[in-house]
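**Student:** Need coordinates for the below:
(chains A, B, C and D)
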Amino acid sequence: MDKKEFIAKRAAQELKHGDVVNLGIGLPTMVANHVPKGIKVLLQSENGLIGVGATAEPGKENPYITNAGGGYITVIPGASFFHSADSFGIIRGGHVDVTILGALQVDKKGNLANWMVPNKKVPGMGGAMDLVVGAKRVIIAMEHTAKGSHKILEECTFPLTAVEVVDMIITDMGVIEVTDKGLELIEIAPGVTVEEVQAATGCELIISDNLKVINVA
Amino acid sequence: MDKKEFIAKRAAQELKHGDVVNLGIGLPTMVANHVPKGIKVLLQSENGLIGVGATAEPGKENPYITNAGGGYITVIPGASFFHSADSFGIIRGGHVDVTILGALQVDKKGNLANWMVPNKKVPGMGGAMDLVVGAKRVIIAMEHTAKGSHKILEECTFPLTAVEVVDMIITDMGVIEVTDKGLELIEIAPGVTVEEVQAATGCELIISDNLKVINVA
Amino acid sequence: MNKVTTVKEAVQRLKSGDTVLIGGFLQSGAPETILQGVLNYSDAKDLTIVSNDTGTSEMTTIKIMQQGRVKKVIASYIGANPVTGQMLMDNPESVELSPQGTLAERIRCGGAGIAAFYTPVGVGTIVEKGKEKRTFNGVDYLLETNIRGNIAFIKATIADKEGNCFLKGSTKNFNAIMARAADYVVVEAEQIVEVGELDHELVTIPGLFIDAIVQSEGQNG
Amino acid sequence: MNKVTTVKEAVQRLKSGDTVLIGGFLQSGAPETILQGVLNYSDAKDLTIVSNDTGTSEMTTIKIMQQGRVKKVIASYIGANPVTGQMLMDNPESVELSPQGTLAERIRCGGAGIAAFYTPVGVGTIVEKGKEKRTFNGVDYLLETNIRGNIAFIKATIADKEGNCFLKGSTKNFNAIMARAADYVVVEAEQIVEVGELDHELVTIPGLFIDAIVQSEGQNG
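**Tutor:** Take a look at the predicted model:
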């Protein structure tokens, strides 16, 4: 299985029936394809809709329905639309149950850096700062390292998106919970050792007494 | 002509084509019946609509269309509806051109008291404070005195609705502009003398060099 | 996610000490069926009521107040409810009057995660008592803080079973903003339809804000 | 009060030094016909542009920027417009980045007479630089001030001749709030209809906010 698909599948297991969910661009968007059967979530898109459906089929794009990446999408029955101030009222007001986003860096306090790399062209934070502050639960879904260099750190070195907001980190190597005591590895990918996860992580991991193997069958 | 009708007719002359107007309950509501021909104004009601039409005919009340007094009304073509926060966004944001309201007291600085009488049951300010601060132009339409006692004063004695907001006072005796120098009588009712207006007013009036007689023919 | 329930069930969520947001503007869009349920099926007391006007003498809020269950009111206009007027005379601390636009904005901010805002309304009046005054670009403003409820009772014209609501005409008033500003939101709907029957563009309140839906037994409006 | 005019006429209201609110979200609901008019018929310069994203390389805002007519940008995401990115690198003061929700709320407040508000977004990040931080109920918030424009350019799906606008689907975005926050508002509409043809309940922007209406020549959306 592709790394990204593996991460997306595991992240989808975090969703509960009825959750209002906002998915970041890229890998997090793939989570929508793996929502467990019997579970209905409402996907919000910060540009102004709730009830995001599948990507529009080529040739069937509706120019009035786009997502936050500018892509043409569909909506499900019960969807609705609103302007940007109301959309971020939903987000900032704590009405989004879960947001799943990518990251450049996360640290042991749950600090998040996912909007700019120093000395590179700055794309702007878009809605990321609002989302991670406003959502009840923030899950980072990303590859464990960036071509071998650590992304999970003692302390973020890139400019922060927000302070102490991350609840969980889901990677190709494991599932980590952000706790008051630090980062706790609660699940590990099949065929990976705890030592390997630790070596790929820039801060000390607490290993759960009840460590499980990720099951995305 | 009835005093109130006289005042309402004169007040209606202040409206310009295209104005967004909010009329208070009571006498000011009568202004709507006297809008000059060829002039179209948009009446806003702070409970959440723009494009107020005539009062609903008995038996034809639409329960979904009421005004700020709870009365059943109609709407004109091009009307629209919105919630209270958006309604007061219109008002506070300076998008109402004129509000015409009654008053308990007005003073020479344009201070207004129109929401409570000390030691009487307090009805609450409703939307009055928002309206007089937000509207571009505030016109008071009222009888010149309250059964002989002054309502236009050196300084308001009742709790204020807002500070220095009144632009014009229209009464059964005259039309007064609030200027930097004080209250200037610019029009006088037919058959009334300047001395009578001054005697009915609790502060000194500046008499316009160009004093006209009110014409509501 | 069918949220339809009975009035009796829905009002069990009301607890003593709660702050309750009650939608409507006088009789327009008032959640009278739910309030009747509070009267009949709930004994919650020490309530703080947030309402534009606390209704009129003919409506139900006044009856709940007459049972001695309301300790505080936050409103903008109370001239049509003599019990609220009496409360204010007996104990000025028990009724907080907020200018109508300020009240609406405080509720909107409560739902939108804004802690407080600066408004020019109330400067130089008794409303400014105890509030920070601050000048921006030469104009004075008052700092007003947000309002949230433990529970909100609102009325809709049509609701689908997931809670998407259409509020017709001028019934949007405080209903549309209160729905966003409470931990638990009960809507009474004149008509309850299947999901998908309500036009996407007619949704005044997205269903995500709604926790329980009951059939309104009131008149239209 | 027929507000329909030509693009050429409408863009004459743009003056050098103006703050211009430009609606849309990337290509969605972007007022491209008006912006083409600015490119062709206006020589206003020293502009401050407020836009969620300043568009993409294929769109028109970038062309106006390439003419050297934009001195400042306020936006939340500029990754699709390399000229804005370059402006930021060349002169960090010339591009103000605001979190998207903060940007939206600043504009809404500009239209609603609110001077400033406290948001929890941006605390502990570079966004808090130079801003007041204040604690409400144990949570830190930043004070953000409102934004108004001298002029706004927006797009609607349908407008009636008095300016009542329907914005379909996700094209509401920044268009619906910018329409309320500028001294002069120009809307391009895909379809212009007589007053009364648009359902009261489908009005996204009441006509009172609109000063000029032009026929959009752009694609749908």
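**Student:** mind checking which helix or strand of chain A has the lowest mean pLDDT?
**Tutor:** helix A:27-30 (a mean of 93; mean pLDDT, DSSP states H and E).
**Student:** which SSE is the residue in chain A sticking out farthest from the centre in?
**Tutor:** Distance from the centre of chain A peaks at residue A:59, with 29.7 Å (Cα atoms, centre = their mean). Here residue A:59 is covered by no helix or strand, with elements defined by DSSP states H and E.
**Student:** May I have the phi/psi pair for it?
**Tutor:** Phi and psi for residue A:59, reported as degrees, to the nearest 10, are phi 90, psi -10.
**Student:** Kindly report the same for the one 3 residues further on.
**Tutor:** With angles defined as degrees, to the nearest 10, residue A:62 sits at phi -100, psi 110.
**Student:** and it, what is it in contact with?
**Tutor:** Contacts of residue A:62 were listed using Cβ atoms under 8 Å, 6 or more residues apart in numbering or on different chains, and they are A:56, A:72, A:74, D:169, D:221. Where you see a C-beta, it was placed from the backbone N, CA and C, and this is true even at glycine.
**Student:** these two touch, right, the third one and residue A:49?
**Tutor:** The one in question is residue A:74. No - between residue A:74 and residue A:49 there is no contact under Cβ atoms under 8 Å: 10.7 Å.
**Student:** who touches both of those two?
**Tutor:** Joint contacts of residue A:74 and residue A:49 (Cβ under 8 Å, 6+ apart) are residue A:65.
**Student:** quick one, which of the two is more surrounded?
**Tutor:** More neighbours surround residue A:49 than the other of residue A:74 and residue A:49, with 26 against 16 (other Cβ atoms under 10 Å in any protein chain shown).
**Student:** and that one, what are its bridge partners?
**Tutor:** Note on residue A:49: beta-bridge partners residue A:45, residue A:81, judged by DSSP bridges.
**Student:** What separation do you get for it and residue A:56?
**Tutor:** 13 Å (Cβ to Cβ, to the nearest Å).
**Student:** can you pull the contacts of the spatially closest residue to residue A:144 that is not a sequence neighbour?
**Tutor:** Once flanking residues are discounted, residue A:144 sits nearest to residue A:171: 3.8 Å by Cβ to Cβ, 6 or more residues apart in numbering or on different chains. Counting by Cβ under 8 Å, 6+ apart, residue A:171 makes contact with A:7, A:141-144, A:152.
**Student:** Now with 7 Å, please.
**Tutor:** Residues near residue A:171 by Cβ atoms under 7 Å, 6 or more residues apart in numbering or on different chains: A:7, A:142-144.
**Student:** Filter those down to just the ones in helices.
**Tutor:** Among the contacts of residue A:171, the members found in helices (DSSP state H) are residue A:7.
**Student:** Kindly indicate the member of the contacts of residue A:171 with the most neighbours.
**Tutor:** With neighbours taken as other Cβ under 10 Å, the top of the contacts of residue A:171 is residue A:7, carrying 31 neighbours.
**Student:** Residue 101: what's it in contact with?
**Tutor:** Defaulting to chain A. Going by Cβ under 7 Å, 6+ apart, residue A:101 touches A:24, A:28, A:114, A:128, A:131-132, A:140.
**Student:** think we crossed wires, I meant chain C
**Tutor:** Contacts of residue C:101 (Cβ under 7 Å, 6+ apart): B:88, B:91-92, B:127, B:130, C:121.
**Student:** which of those residues tops the neighbour count?
**Tutor:** Going by other Cβ under 10 Å, residue B:130 tops the contacts of residue C:101 with 33 neighbours.
**Student:** for the residue lying closest to it once chain neighbours are set aside, helix, strand, or coil?
**Tutor:** Among residues not flanking residue B:130 along the chain, residue C:101 sits closest, at 3.5 Å (Cβ to Cβ, 6+ apart). The three-state label given to residue C:101 by DSSP: H, G, I helix; E, B strand; the rest coil is helix.
**Student:** And residue A:106, by the same measure?
**Tutor:** strand.
**Student:** That one contacts residue A:112, correct?
**Tutor:** Yes - using Cβ atoms under 7 Å, residue A:106 is in contact with residue A:112, at 5.7 Å.
**Student:** any idea how far the residue of chain C positioned farthest from its centre is from chain D?
**Tutor:** Distance from the centre of chain C peaks at residue C:138, with 34.3 Å (Cα atoms, centre = their mean). Distance, residue C:138 to chain D, using Cβ to the nearest Cβ, to the nearest Å: 11 Å.
**Student:** go on, residue A:8?
**Tutor:** Relative to chain D, and taking Cβ to the nearest Cβ, residue A:8 is found at 23 Å.
**Student:** just residue C:99 next, same as before
**Tutor:** 12 Å.
**Student:** Could you find the closest non-adjacent residue to that residue?
**Tutor:** residue B:129 (4.1 Å).
**Student:** Neighbours of that neighbour, how many?
**Tutor:** There are 31 residues near residue B:129, going by other Cβ under 10 Å.
**Student:** Now for it: which residues touch it?
**Tutor:** Taking Cβ under 7 Å, 6+ apart as the test, what residue B:129 contacts is B:161-162, C:99, C:121-122, C:125, C:127.
**Student:** mind listing what residue A:133 touches?
**Tutor:** A:92, A:162, A:165, D:120-121.
**Student:** coming back round to it: for ChimeraX, write the selection for the buried entries among the contacts of residue B:129.
**Tutor:** A single ChimeraX command is used to select the members of the contacts of residue B:129 judged buried by 16 or more other Cβ atoms under 10 Å in any protein chain shown:
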select /B:161,162 /C:99,121,122,125,127
